[in-house]
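Chemist: sequence and predicted model, in that order:
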Amino acid sequence: MSDAYVEDLLARKVTHEVHTSVRRSFRGCRRRWNWIFQDNLYPPTTAKPLEFGVAFHVAMEVLFCPTTWRFNHMVLGALAEKAFVETCEKQRQEYLANKDLYVLEDDEQHDYDERIALGRGMIRYFVEKQLPAIQREFVPTHVEVSFDVPLYGDDGKILLCKCKSCRVAFAKAGGGRWKGNPVVFSGRVDLIVHDMAGYYWVWDWKSAASLVSDIEMYLELDDQVVGYVYALRRGLGLNIRGFIYHEQRKAFPEPPEQNKFVRLGRKYSISKQQATDYDTYSEYVAEHDKEAFEVGLYDEFLDFLRNEGIIFYRRFKIYKSDFELEQYEKNLVAETLDMIDPNVRIYPTPGRFSCGGCAYKEPCLSMNAGQDYEYTLQTMFVQQEPYYRRNLPLSTERGSLSAD
């Protein structure tokens with residue numbers, strides 16, 4: 001096979017894309033994987049007045065823009081806040097248009113307003129308490145980076161796929177003598193930065209309602225982490241040292257709640273459920289309940305905040321060696337060969353936790369019972385282009401999104 005054939009298809013992006021979420025779906029349940037990535041059947045999504053994670057990511061993109069990185073951090077914060085609010089308003093307008101409404105319902109408006117306030121508070125907290133130190137340690141070089149890394153077999157030749165989706169894509173691109181579409185490992189990363197030692201890092205941020213305690217061990221094992229590092233070393237040729245995972249709680253430190261009545265000499269609550277931290281709480285009570293603060297009535301609670309209080313953000317560095325990347329590449333190619341095999345075996349993988357929220361549970365049960373599962377698929381799902389070509393996250397569970 002001539003290299004010109006492969007190079008032409010790569011240049012025109014007529015390829016078979018392998019994404020991390022596609023691999024996870026394949027490992028999780030081949031029946032669901034087949035319906036999503038072979039038949040392109042997706043659950044219809046309902047627009048929301050505010051997709052918080054999307055809007056927050058837009059704000060982070062503004063903060064980490066390479067051309068404005070040396071601006072004063074408060075100026076960057078104002079630009080990020082503006083971008084967040086504008087994105088939220090755009091989402092609201094799109095939701096109203098889709099629903100043919102003029103205004104949000106009262107409960108939706110209340111939720112929208114609360115989440116606007118939450119996002120602005122999180123951005124301000126990040127800018128004031130974290131960004132100056134990050135600016136001293138890192139410099140962003142790339143934002144929202146896409147990659148397509150060709151995959152090769154043991155014979156040194158690029159893998160080719162002849163699935164029905166690839167055949168259709170080739171025909172749409174102009175047709176001709178078809179030998180298969182080149183297989184590429186594809187994806188997109190939030191950010192690439194370099195440190196003061198000259199090393200590059202893949203940076204990924206997540207906002208979450210709570211921070212998982214064992215996340216560091218999970219990150220060491222996560223194939224998305226090593227996949228990003230592998231792809232960018234191969235695709236961009238950068239000296240990627242590893243992966244930085246920044247997790248931000250969907251909250252920010254606020255002043256303490258005031259008691260309805262003075263309790264044990266204190267005007268302000270010492271509830272451990274409050275979204276506050278040591279600095280915010282101590283500064284506020286020192287000013288607004290000075291006498292109680294000075295005689296030590298808040299000391300025990302302040303010790304709790306200092307030693308055990310809410311963690312509002314965490315950041316981890318995950319290093320990846322050349323050996324780990326070599327092993328990852330072997331596993332990636334082996335798994336890809338299984339996925340593109342025309343005789344791939346399709347079967348379900350039932351599980352107590354994996355099936356409970358699965359959007360494909362009903363057609364799966366119908367198929368198991370020998371019923372008309374195809375009718376269920378046709379009525380419950382929509383045939384669409386793959387999610388990554390529509391620039392959307394993958395939704396395989398009701399109400400949940402999976403990162404690529």
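Modeler: Yep, that arrived. Residues are numbered from 1 along each chain as shown.
Chemist: what ranges does this protein have for its strands?
Modeler: 16-18, 41-42, 138-150, 160-161, 181-195, 200-208, 240-249, 258-263, 266-268, 313-319, 382-383, 394-397, 400-402 (DSSP state E).
Chemist: take the ones you listed and write them to JSON lines, including distance to Ala231, mean neighbour count and mean pLDDT.
Modeler: (Glycine included, C-beta is placed from N, CA and C.) Converted to JSON lines, the strands of the chain look like this (distance: least, C-beta to C-beta, whole Å; neighbours: other C-beta atoms under 10 Å; pLDDT from 0 to 100):
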{"stretch": "strand 16-18", "distance to Ala231": "11", "mean neighbour count": "23", "mean pLDDT": "95"}
{"stretch": "strand 41-42", "distance to Ala231": "25", "mean neighbour count": "20", "mean pLDDT": "92"}
{"stretch": "strand 138-150", "distance to Ala231": "5", "mean neighbour count": "17", "mean pLDDT": "93"}
{"stretch": "strand 160-161", "distance to Ala231": "18", "mean neighbour count": "21", "mean pLDDT": "96"}
{"stretch": "strand 181-195", "distance to Ala231": "6", "mean neighbour count": "22", "mean pLDDT": "94"}
{"stretch": "strand 200-208", "distance to Ala231": "9", "mean neighbour count": "20", "mean pLDDT": "91"}
{"stretch": "strand 240-249", "distance to Ala231": "9", "mean neighbour count": "21", "mean pLDDT": "92"}
{"stretch": "strand 258-263", "distance to Ala231": "52", "mean neighbour count": "11", "mean pLDDT": "92"}
{"stretch": "strand 266-268", "distance to Ala231": "50", "mean neighbour count": "20", "mean pLDDT": "95"}
{"stretch": "strand 313-319", "distance to Ala231": "15", "mean neighbour count": "15", "mean pLDDT": "92"}
{"stretch": "strand 382-383", "distance to Ala231": "29", "mean neighbour count": "10", "mean pLDDT": "90"}
{"stretch": "strand 394-397", "distance to Ala231": "18", "mean neighbour count": "20", "mean pLDDT": "50"}
{"stretch": "strand 400-402", "distance to Ala231": "18", "mean neighbour count": "14", "mean pLDDT": "39"}
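Chemist: report the contact partners of Ser186.
Modeler: Listed by C-beta atoms under 8 Å, 6 or more residues apart in numbering, the contact set of Ser186 reads 15, 17-19, 146-149, 388.
Chemist: ok, Asp39 to Arg27 distance?
Modeler: According to C-beta to C-beta, to the nearest Å, Asp39 stands 19 Å off from Arg27.
Chemist: cool, thanks, signing off.
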